[in-house]
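A structural model of the following input is requested.
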Amino acid sequence: MDGICTLGNDRVYDQIVALINSIELSAPGMPVCIYPYDNQVERLRELVQERPQVTLYDDGPSIRRWDAWVEQIWATHPTARQQWDAIGSAGIHRMGTHRRFCAFDGPFDRFIYMDADTLLLSDPLPVFNALNEYDWVTYDFQHKDLSHVYDVNSGWMEKLFSAEQLQRQAFCSGFYGSRRNLFDPDQGQEILTWLKSGEAAVLYSMAPDQTILNYLVMRSGANSCNLALTLPTEQRTGNSVTSGHFTVENCRVYDKGVPLLYLHYIGLSSKLFARLCNGENVELPYRDMFLHYRYLHNPETRPALLGKLVTAKPQGWRRYLKPLAQLLP
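Residues are numbered from 1 along each chain as shown. Have a look, this model is predicted:
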């Protein structure tokens, strides 16, 4: 069975509702599984009761075994603990983001993972078709900025991976397709051995789930492709809201006339979306697109957003534009 999965808790409730609604329109009948970031999921539990195609992952043994493996992985890193202490991050930084790994145990034989801050805007069939040939399918331009994939100053990146491999395989963990059992912590001792030998230094501790997934795919030799590199040039699009040249028509987004597969609200705090849905006139890129999908089934409850426009800063999206600009196609 194919499906789409995401990750979250009640803090990103509005974004998950928008994502699920976008999936319902672009892939009718597609089952969705939400992996819990933490235990704060009461609103999500209520949500899945209203959506028969949506489930909240509750396999405790699966969650615990992936949590344990992640702890073993980060225990091999030479400086992660000091870096996290310096920013006041207790435990493993953003531990909940690793819960997406449960998809390798999850209900779908093949799956697309989408961050809660994304919208599906076209039929995902191209990704599932690619999974007929590949074990890992991505669609982004993260290879243009490897500083959030690996610790580029460690010296290990060039030792482990060729320039061609980094260009072809590096990806953003906000959107990818894969299959059940591709990775298994019960069979991951070889990976831990590699990391303990010194390779752990290549992991970028500020993007913990993203760096681990890239390492797993590239170091294991998984058969992967990036649609941003393999699709015909005239069919490729960007996906990030940092792109200002997209056009919007009939609640779809286009890149030079080509419809986007998905839109990623990358770098935007979940607090901004909560403020927006509470009626605050917060400035966000492609704001109306998000609001359309968030209130798709109950447009009468969409906030009026009266009053002075609020430019959210410095926590807002503008501070992300410069470093993310290089990720544009």
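
show me the contacts for Trp136.
With contact taken as CB atoms under 8 Å, 6 or more residues apart in numbering, Trp136 is in contact with 176-178, 182, 217, 222-225. C-beta coordinates here come from the backbone N, C-alpha and C atoms, glycine included.

how about the strands in the chain?
With DSSP state E as the criterion, the chain has strands at 2-8, 32-36, 54-56, 110-114, 118-120, 136-138, 175-179, 224-226, 247-249, 252-255, 258-259, 262-264.

Adding distance to Gly307 and mean pLDDT, write these out as JSON lines.
As requested, the strands of the chain are arranged in JSON lines below (distance: least, CB to CB, whole Å; pLDDT from 0 to 100):
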{"stretch": "strand 2-8", "distance to Gly307": "29", "mean pLDDT": "98"}
{"stretch": "strand 32-36", "distance to Gly307": "33", "mean pLDDT": "98"}
{"stretch": "strand 54-56", "distance to Gly307": "34", "mean pLDDT": "98"}
{"stretch": "strand 110-114", "distance to Gly307": "32", "mean pLDDT": "98"}
{"stretch": "strand 118-120", "distance to Gly307": "26", "mean pLDDT": "98"}
{"stretch": "strand 136-138", "distance to Gly307": "40", "mean pLDDT": "98"}
{"stretch": "strand 175-179", "distance to Gly307": "34", "mean pLDDT": "98"}
{"stretch": "strand 224-226", "distance to Gly307": "43", "mean pLDDT": "98"}
{"stretch": "strand 247-249", "distance to Gly307": "24", "mean pLDDT": "95"}
{"stretch": "strand 252-255", "distance to Gly307": "27", "mean pLDDT": "96"}
{"stretch": "strand 258-259", "distance to Gly307": "34", "mean pLDDT": "97"}
{"stretch": "strand 262-264", "distance to Gly307": "26", "mean pLDDT": "98"}
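
one step back: report the buried members of the contacts of Trp136.
176-178, 217, 224-225 (16 or more other CB atoms under 10 Å).

Out of the residues you listed, which comes closest to Leu146?
Closest approach between these and Leu146, by CB to CB: Val217, at 14.1 Å.

ok, that closest one - contacts?
Going by CB under 8 Å, 6+ apart, Val217 touches 136, 169, 171, 224.

that older thread, got the strands of the chain as JSON lines, with distance to Thr233 columns?
Supplementary listing: the strands of the chain in JSON lines, determined by distance: least, CB to CB, whole Å:
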{"stretch": "strand 2-8", "distance to Thr233": "27"}
{"stretch": "strand 32-36", "distance to Thr233": "32"}
{"stretch": "strand 54-56", "distance to Thr233": "36"}
{"stretch": "strand 110-114", "distance to Thr233": "23"}
{"stretch": "strand 118-120", "distance to Thr233": "23"}
{"stretch": "strand 136-138", "distance to Thr233": "17"}
{"stretch": "strand 175-179", "distance to Thr233": "20"}
{"stretch": "strand 224-226", "distance to Thr233": "14"}
{"stretch": "strand 247-249", "distance to Thr233": "19"}
{"stretch": "strand 252-255", "distance to Thr233": "12"}
{"stretch": "strand 258-259", "distance to Thr233": "10"}
{"stretch": "strand 262-264", "distance to Thr233": "19"}
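
Okay then, goodbye and thanks.
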